[in-house]
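Participant: Dropping the sequence and predicted coords here.
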Amino acid sequence: MSKKRRTRRYAKDTQGETPHKTIPTPDPIVVRLVSLSDRLRKYGDDVAAIILLVLAALMLLSLLGLTHGALTDFIAGNLRAWFGWGAWLAPLSLGWIGVLIVAHNLGRLPPLRWGRIIAAEMAAFALLGLLNFAHGGRVALAQAGQGGGMVGWGIGFIFNRIVGPADFFVLGVIFLLTLMLALDVTASRLERLGQWLASQGFETENAAPHQLPLPLDKKAPAPEKPKRAPVVPLAKPTKAKLAPGERIRVPVETVDDEIKSKKKRDRRLPGFELLDNTDLRRPAQKEIDETASIIMKTLNEFGVPINVLGARVGPSVTQYQVEPGFLEKAGQDGISRQWKVRVAQIASLHKDIALALSADTIRIEAPVPGQRYVGIEVPHKRTSVVGLRPVMESEAFQRINKPLAIALGRDVSGGAVAADLGAMPHLLIAGTTGSGKSVCITSLVTCLITNNTPDDLRLVMIDPKMVEMVRFNGLPHLYGKVETELTRILGVLRWTVREMERRYKLFETHGVRNIGDFNSKQAKKKNGELLPRLVVFIDELADLMMQAPDETERMVVRLAQMARATGIHMVVATQRPSVDVVTGLIKANFPARIAFAVASSIDSRVILDTVGAESLLGRGDLLFQSPEMPAPIRLQGCYASDREIEKVVDWWREQAEEYADEPQADVEEEAKAPQTDEIEKPALAPWDEMLARERAVEDKDQQIEQAIAIVKKYGTASASLLQRKMRLGYPRAARLMDELKQMGIVGREQAGGKTREVLVGKDDDPIGDRAARILGGEDEEDE
């Protein structure tokens, strides 16, 4: 009872409390905020991790150029402007932080040390400074997103002011020390890492191909005792078959040819930074090993044992080095002997190998020239783009050290391949539509103009297709404009032949044999005339051969036979490699040839005199045959994008006025017309006057020029004079007199059979005057 009374008394006391002691009802908004705060405390880390990972992925896609939009372009532009090449560190850092947050929530995060985090940040900033110095340390390049960007330029500027010329060394030391602190690298850990790699078998990666420990990589063992065995109808391979799932390890042969040239470039030439610096992608080691195992298993199933000695990885294909194994056969005496597998047995199974590899096509080089193995070339799932700049910066290109050095591409081992156009001395290119001919020509042009000034090199471009070469109009190296009309193209070829003959007369006068000796001799004189080298590009020979076959073949063959010593070279391309286009005379004078993918082995034989081009993949995959090589080699051709070509051409267009103001040689005087912005009115080409003279007399007698020379020499004109001097009949001589009167060269016919009056002087050139009127647009007939 006492307890109930106390309870009632407490209830009464509670009900009788004053209002200011009553607990207020919480605000709903506050309740929601508290609840939201609890949820954020619970899920905030996960949300932050997801946001960071999404931002990292978005930045990475923006930098790779796989997505385009206002936001992504803004992100990529600012990252490159501020951090340059170090922009790739931003998505990696954000992604790393996101992964750390996730690992922390899962309870798998080791304790973090702020010292390592600060060291990692210092290493990143030091790297930006090093990238700035590696790219020249110029602020213009930093603003363009090169090197370490504006941040790297600022760091480099500060260190340069503090320590002077030792800035690069100091930054390098800081980078190495902070990187070691961030990664917690010690000597003992490096030693343990090396021991672990050795235990995993990584020491065989750098071994030579002959060091591969395969069962058949040894000499055939001699039988200890004569062994009687029945004659078997099928050969039994001595190589044991691979167990299911077993995979061999293939050593990959790599080529390190990216030795940058230390020689300073001529300041009159554009820098290599105008071109993109692309990297070569290689397939994974696991994929190479699996392919080699399939090749070995497939050939073993057909009774052809082989050894895979190694692999050469290129941009588009991997060449597997296959050594024929041994077959155990019983002879007529019943004694079992081992016989070497014939190369033809391997080559005959190319379709079965392609089927086993699920490849569109494979190519077997049996054998590889100068080697003891057969090359089986298997295409990659994804072809790597071979940039023009890395090949031009390679040791193979720099070693040539000739003005007409051209970058061709990379071979099946990834090594850069270059050649000297002056030693070829002409190049024939053929392939089907879309195989890469025009891209190859534009890359060759870009390579030549990147390494030669207009004083050293001149170009003549003929493009009946009117597609690819028009972009080079306005280039100071280019004579006139890109010619696309048939009548003018034939005139260009005629002018080139005349220019060749003119140069030979100059050589004879000066007692030299070639353009190199001539220029060396002229350079010693005070005002010596130097002859530029001349390269003629013809993008489609088939169009010319169909419309004017005789004249085209005659002039092309004449140039190919004689023009080498004068410094005139030709690069001719066609998409129709048939015998009526690439005739025997043309092919005989073009020993250097490039074959892209063709439709049949017949077309391949027309170009290369051998099969193989029909197995190419297209898109830059080519076979290059040089007079110095015993057999064609397979390359992935260089690729120059439209943006790269535009950069180089624009750079030269800005220098065009400088070269236009300089005095030119005789062959260039006619190309000094004032430059205009209209493409329809380019500077006059050297052959324009010749074409105008031909047009001035195209409706006249073929001997009109000889008749003009005769009447100017004797000062009188009559039909009988022309008959005697030109050995003509009266009708033709009278017709020539009428044409001379129509042109205003002679006067009216005199009574009594007197000779006519000559109205021009000995120094006058009436045909040249008419040609000048034609060039000026006054193409009217004289009355």
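Facilitator: Structure received. Residues are numbered from 1 along each chain as shown.
Participant: Show the contacting residues for the spatially most central residue of the chain.
Facilitator: Central residue of the chain (CA atoms, centre = their mean): Cys638, 1.9 Å from the mean position. For Cys638, the contact set (CB atoms under 8 Å, 6 or more residues apart in numbering) comprises 386-388, 391, 407-409, 440, 443, 447. All C-beta atoms are positioned from the backbone trio N, CA, C, and that covers glycine.
Participant: Can you show me the helices along the stretch 251-400 of the chain?
Facilitator: With DSSP state H, counting those that start in this stretch as the criterion, the stretch 251-400 of the chain has helices at 285-301, 343-347, 350-357, 388-392, 395-400.
Participant: Looking at the ones you listed, spot the one closest to Ala599.
Facilitator: Nearest of the helices of the stretch 251-400 of the chain to Ala599, taken as CB to CB: helix 350-357 at 18.2 Å.
Participant: Give me the helix or strand of the chain that scores worst on average pLDDT.
Facilitator: Of all helical and strand segments in the chain, the minimum by mean pLDDT, DSSP states H and E falls on strand 236-237, at a mean of 40.
Participant: domains for the protein, by residue range?
Facilitator: 36-188, 234-256+269-379, 388-652, 687-775 (automatic domain parsing).
Participant: Just name the most buried of the ones you listed.
Facilitator: With neighbours defined by mean count of other CB atoms under 10 Å, none of the domains of the chain is more surrounded on average than domain 388-652, at a mean of 20.
Participant: per-residue confidence averaged over that one?
Facilitator: Regarding domain 388-652, the rounded mean pLDDT is 91.
Participant: now that domain, how far from the chain's geometric center?
Facilitator: Taking CA atoms, centre = their mean, to the nearest Å, one finds domain 388-652 lying 15 Å from the centre of the chain it belongs to.
Participant: what's the span of that domain, first residue to last?
Facilitator: Using CA to CA, to the nearest Å, the end-to-end distance of domain 388-652 comes to 18 Å.
Participant: going forward can the numbers begin at 56, since that is how I track them
Facilitator: Got it, the first residue is 56 from now on, which makes the last one we talked about domain 443-707.
Participant: ranges for the strands of the stretch 256-405 of the chain?
Facilitator: 291-292, 307-308, 361-368, 372-379, 381-385, 391-395 (DSSP state E, counting those that start in this stretch).
Participant: so can I have TSV of those showing distance to Ala103?
Facilitator: Converted to TSV, the strands of the stretch 256-405 of the chain look like this (distance: least, CB to CB, whole Å):
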stretch	distance to Ala103
strand 291-292	62
strand 307-308	42
strand 361-368	42
strand 372-379	44
strand 381-385	65
strand 391-395	67
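Participant: what about those, which gets the closest to Pro146?
Facilitator: Closest approach to Pro146 among the strands of the stretch 256-405 of the chain (CB to CB): strand 361-368, 28.3 Å.
Participant: orientation of the closest one relative to strand 381-385 in degrees?
Facilitator: Calculated by axes from the mean of the first three to the mean of the last three CA atoms, to 10 degrees, strand 361-368 forms an angle of 160 degrees with strand 381-385.
Participant: Report all helices and strands that strand 361-368 contacts.
Facilitator: Helices and strands touching strand 361-368, by 3 or more CB pairs under 8 Å, 6 or more residues apart in numbering; DSSP states H and E, are strand 307-308, helix 340-356, strand 372-379.
Participant: Could you export these to CSV, including columns for distance to Ala402 and mean pLDDT?
Facilitator: Listed next are the helices and strands packed on strand 361-368 as CSV, based on distance: least, CB to CB, whole Å; pLDDT from 0 to 100:
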stretch, distance to Ala402, mean pLDDT
strand 307-308, 22, 70
helix 340-356, 11, 90
strand 372-379, 11, 92
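Participant: Reformat the ones you listed as JSON lines; add distance to Pro519.
Facilitator: Below are those laid out as JSON lines (distance: least, CB to CB, whole Å):
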{"stretch": "strand 307-308", "distance to Pro519": "43"}
{"stretch": "helix 340-356", "distance to Pro519": "43"}
{"stretch": "strand 372-379", "distance to Pro519": "33"}
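Participant: I'd like to know which of those lies nearest to Phe562.
Facilitator: Distance to Phe562, taken as CB to CB, is lowest for strand 372-379 among these, at 45.7 Å.
Participant: partner strands of that closest one, parallel or antiparallel?
Facilitator: Here strand 372-379 is paired, per DSSP bridges, with strand 361-368 (antiparallel), strand 429-434 (antiparallel).
Participant: got those strands as CSV, with mean pLDDT and distance to Gly380 columns?
Facilitator: Output for those, formatted as CSV (pLDDT from 0 to 100; distance: least, CB to CB, whole Å):
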stretch, mean pLDDT, distance to Gly380
strand 361-368, 90, 5
strand 429-434, 92, 11
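Participant: just checking, what packs against the helix or strand hosting Trp208?
Facilitator: Using DSSP states H and E, the element containing Trp208 is helix 204-218. With contacts defined as 3+ CB pairs under 8 Å, 6+ apart, the packing partners of helix 204-218 are helix 125-138, helix 169-189, helix 194-198, helix 222-238.
Participant: got the contact list for that helix?
Facilitator: Contacts of helix 204-218 (CB under 8 Å, 6+ apart): 135-142, 180-181, 183-188, 192, 194, 197-198, 202-203, 222, 225-226.
Participant: swap in stretch 128-138?
Facilitator: Applying CB under 8 Å, 6+ apart, the contact partners of stretch 128-138 are 113-114, 117-118, 120, 142, 144-145, 183, 198, 200, 203-207.
Participant: of all those, which comes closest to Asp510?
Facilitator: Asp510 lies nearest to Gln198 out of those, by CB to CB, at 32.4 Å.
Participant: where exactly do the strands run in the stretch 456-605 of the chain?
Facilitator: Taking DSSP E, counting those that start in this stretch, the strands of the stretch 456-605 of the chain run over residues 460-466, 471-475, 482-485, 512-517, 588-593.
Participant: picking up where we left off before, want to throw the strands paired with strand 372-379 into a markdown table with distance to Ile390?
Facilitator: Formatted as a markdown table, the strands paired with strand 372-379 follow (distance: least, CB to CB, whole Å):
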| stretch | distance to Ile390 |
| --- | --- |
| strand 361-368 | 25 |
| strand 429-434 | 29 |
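Participant: what about those strands, which gets the closest to Met792?
Facilitator: With CB to CB as the measure, strand 429-434 is the member of these nearest Met792 (72.5 Å).
Participant: Restrict that closest one to CA atoms and write it as PDB.
Facilitator: The C-alpha trace of strand 429-434 is given here as PDB (Å, rounded to 0.1, in the frame of the first residue of the first chain):
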ATOM      1  CA  VAL A 429      61.000 -21.300 -90.300                       C
ATOM      2  CA  GLY A 430      58.900 -18.200 -89.500                       C
ATOM      3  CA  ILE A 431      55.200 -18.600 -88.800                       C
ATOM      4  CA  GLU A 432      53.600 -15.200 -88.600                       C
ATOM      5  CA  VAL A 433      50.300 -15.000 -86.700                       C
ATOM      6  CA  PRO A 434      48.300 -11.800 -86.700                       C
END
